[in-house]
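quick one, structure for this:
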Amino acid sequence: MSTTHFGFQSVDEKDKARRVRGVFDSVASKYDVMNDLMSGGLHRAWKAYTVMVANLREGSQVLDIAGGTGDLSLAFARKVGATGRVVHTDINEAMLRVGRNRLIDAGLVLPTLVCDAESLPFPDNHFDVVSVAFGLRNMTHKDVALKEMCRVLKPGGKLLVLEFSKVAKPLTKAYDWYSFNILPKLGQMIAGDAESYRYLAESIRMHPGQEELKQLLHQAGFGHVDYHNMTGGIVALHVGIKC
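The predicted model follows:
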């Protein structure tokens with residue numbers, strides 16, 4: 001039996017996806033509110049920077065993995081215009097439903113698909129840009145998912161991985177205190193679920209740091225890889241270019 005981590009717990013690999021699905025089923029309806037509260041609204045700036053780095057043009061083909069409630073899909077769609085396409089995907093149907101409804105309310109109907117990033121149902125060399133925001137750390141086999149992202153990108157295409165990362169050392173104590181004391185309480189008050197936000201804090205600590213993730217992107221087939229730290233390393237945007 002192969003095991004992997006679910007936060008600080010060791011679980012059967014086959015069980016992780018079910019547990020992660022349960023977390024997001026629980027928090028989907030309050031996900032956007034909690035993002036604003038947890039980050040003090042900073043997640044909006046992190047995503048805006050990601051859209052800027054994407055440097056999309058009219059007609060670009062974009063795949064938004066773990067697109068959830070649709071923040072990035074919406075922003076990307078406004079950049080690619082009528083001749084472009086943004087495919088909005090997530091492994092979690094509850095999150096995807098919230099995102100699809102939000103996009104429709106904004107006057108956008110995008111291709112929306114429940115799919116697993118470790119087995120993407122798209123042809124090789126298809127997209128100009130692939131993004132995954134705050135989703136990679138929840139994937140069981142990150143190496144497999146990154147290789148799939150590389151496969152579906154066109155040569156010269158760009159992968160954007162926006163994810164929590166390793167904070168600068170002077171911030172560590174304060175960040176740990178906030179993560180393990182305040183986040184679960186906010187989760188309980190707003191979403192009625194402290195455990196899911198305790199998992200969030202734990203999953204961040206188990207996720208590869210900036211340099212380790214950079215190496216994973218190289219191993220997945222990306223030639224040039226760089227990363228941009230934001231807010232003292234709380235979040236990093238990794239950018240990989242397919243050879």
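
what helices and strands are in contact with the longest helix seen in the chain?
Taking DSSP state H as the assignment, the helix of the chain that covers the most residues is helix 13-27. Using 3 or more CB pairs under 8 Å, 6 or more residues apart in numbering; DSSP states H and E, the elements in contact with helix 13-27 are strand 3-6, helix 93-105, helix 194-206. Any C-beta I mention is one placed from the backbone N, CA and C, and that applies to glycine too.

I'd like the next helix or strand past that helix.
helix 31-39 (DSSP states H and E).

show me what the following helix or strand past that following helix is packed up against.
Counting by DSSP H and E, the element after helix 31-39 in chain order, helix or strand, is helix 42-54. Helix 42-54 sits against helix 31-39, helix 71-80, strand 127-133, strand 153-164, strand 222-230, strand 235-242, with contacts defined as 3+ CB pairs under 8 Å, 6+ apart.

okay, now the unreliable bits of the protein?
1, 11 (pLDDT under 70).

let's see 90
For the chain, the stretches flagged by pLDDT under 90 are 1-34, 191, 193, 196.

from residue 98, how far off is the closest residue to residue 15 other than its chain neighbours?
Residue nearest to residue 15 in three dimensions, not counting chain neighbours: residue 6, with 7.7 Å by CB to CB, 6 or more residues apart in numbering. Here residue 6 is placed at a distance of 23 Å from residue 98 (CB to CB, to the nearest Å).

then residue 41?
From residue 41 to residue 98 the distance is 19 Å (CB to CB).

tell me which of those two has more neighbours.
residue 98 (21 against 10; other CB atoms under 10 Å).

my guess is the more buried one contacts residue 31. True?
Yes: between residue 98 and residue 31 there is a contact under CB atoms under 8 Å: 6.9 Å.

thinking again about what came up before, now the helices and strands packed on helix 13-27 as CSV including distance to residue 213?
Formatted as CSV, these follow (distance: least, CB to CB, whole Å):
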stretch, distance to residue 213
strand 3-6, 16
helix 93-105, 23
helix 194-206, 12
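
out of those, which gets nearest to residue 185?
Of all the helices and strands packed on helix 13-27, it is helix 194-206 that lies closest to residue 185, at 6.9 Å by CB to CB.

tilt between the next helix or strand after that closest one and strand 153-164?
Downstream of helix 194-206, the next assigned helix or strand under DSSP H and E is helix 210-219. On the basis of axes from the mean of the first three to the mean of the last three CA atoms, to 10 degrees, helix 210-219 is oriented at 160 degrees to strand 153-164.

and helix 210-219, what does it pack against?
Helix 210-219 packs on helix 142-152, strand 153-164, strand 222-230, strand 235-242, going by 3+ CB pairs under 8 Å, 6+ apart.

angle of the second one against helix 71-80?
What that stands for is strand 153-164. 140 degrees.

list the buried residues for the very next helix or strand once past strand 153-164?
Per DSSP H and E, the first helix or strand lying C-terminal to strand 153-164 is helix 172-177. For helix 172-177, the neighbour count (16 or more other CB atoms under 10 Å) marks residue 175 as buried.

contact partners of helix 172-177?
With contact meaning CB atoms under 8 Å, 6 or more residues apart in numbering, helix 172-177 is reached by 167, 234.

could you export that helix as CSV, CA atoms only?
Below are the C-alpha coordinates for helix 172-177, written out as CSV (Å, rounded to 0.1, in the frame of the first residue of the first chain):
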residue,chain,number,x,y,z
THR,A,172,8.1,32.2,10.3
LYS,A,173,7.0,32.4,14.0
ALA,A,174,4.2,35.0,13.3
TYR,A,175,3.0,33.1,10.2
ASP,A,176,2.9,29.8,12.1
TRP,A,177,1.0,31.3,15.0
